[in-house]
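> here is a sequence with its predicted model. Questions after.
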Amino acid sequence: MSVVIVGGNDCMVRRYKDLCKEYQCQAKVFTQMKDGLKNKIGCPDLLVLFTSTMSHKMLRYALNETKGQDTIVARSHSSSMSALRSILEEHAS
């Protein structure tokens, strides 16, 4: 399963990826708005949005990129490891 995480903390990127690996998922993490974010999201199976640590522009880009695809969108206000773990338990198991 492929997972794209948008938002979150810069210092947690490695931990997010390691947790996804425990659930046999390949993860891309975008914590900041960068050039080309619009073209790098791709076609993931699961899109995780950490809404408290992202801008409205990032949210719009992420949702527009996955519009019309069979992507599951999970939103969480918290960007903690336990929030990501509960999302993965629900969708990746």
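Nice, I can see it.
> name the surrounding residues that touch stretch 59-74.
For stretch 59-74, contacts defined as CB atoms under 8 Å, 6 or more residues apart in numbering pick out 4, 6, 33, 37-38, 41-49, 51, 87, 90-91. For glycine as for every other residue, the C-beta is placed from the backbone atoms N, C-alpha and C.
> so residue 84 touches residue 19, yeah?
Yes: here residue 84 reaches residue 19: they are 5.8 Å apart, a contact under CB atoms under 8 Å.
> just to revisit the earlier point, just the buried ones among the contacts of stretch 59-74, please.
4, 6, 37, 41, 44, 45, 46, 47, 48, 49, 87, 91 (16 or more other CB atoms under 10 Å).
> can you pull out the helices in this protein?
Along the chain, the segments classed as helices by DSSP state H run 13-22, 37-40, 56-65, 81-91.
> which ones are touching residue 29?
Taking CB under 8 Å, 6+ apart, we find residue 29 in contact with 4, 5, 8, 13, 16, 17.
> one more pass at 6 Å, please.
Shown in contact with residue 29 (CB atoms under 6 Å, 6 or more residues apart in numbering): 5, 13, 16.
> same check, this time on residue 91
Counting by CB under 6 Å, 6+ apart, residue 91 touches 46, 72.
> quick one: it from residue 14, how far?
Separation of residue 91 from residue 14 (CB to CB, to the nearest Å): 21 Å.
> got it, and residue 44?
For residue 44 relative to residue 14 (CB to CB), the value is 19 Å.
> got the buried residues for stretch 16-30?
16, 17, 19, 20, 23, 25, 27, 28, 29, 30.
> export that stretch to CSV, keeping only CA atoms.
What follows is stretch 16-30, C-alpha atoms only, in CSV (Å, rounded to 0.1, in the frame of the first residue of the first chain):
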residue,chain,number,x,y,z
TYR,A,16,6.6,8.6,10.0
LYS,A,17,8.3,6.5,7.3
ASP,A,18,9.5,3.9,9.8
LEU,A,19,5.9,3.4,11.2
CYS,A,20,4.5,3.1,7.7
LYS,A,21,7.2,0.4,7.0
GLU,A,22,5.9,-1.5,10.0
TYR,A,23,2.5,-1.7,8.3
GLN,A,24,4.1,-2.8,5.0
CYS,A,25,3.4,0.6,3.4
GLN,A,26,5.6,2.8,1.2
ALA,A,27,5.4,6.4,2.3
LYS,A,28,6.1,9.8,0.9
VAL,A,29,6.1,12.7,3.4
PHE,A,30,5.7,16.3,2.5
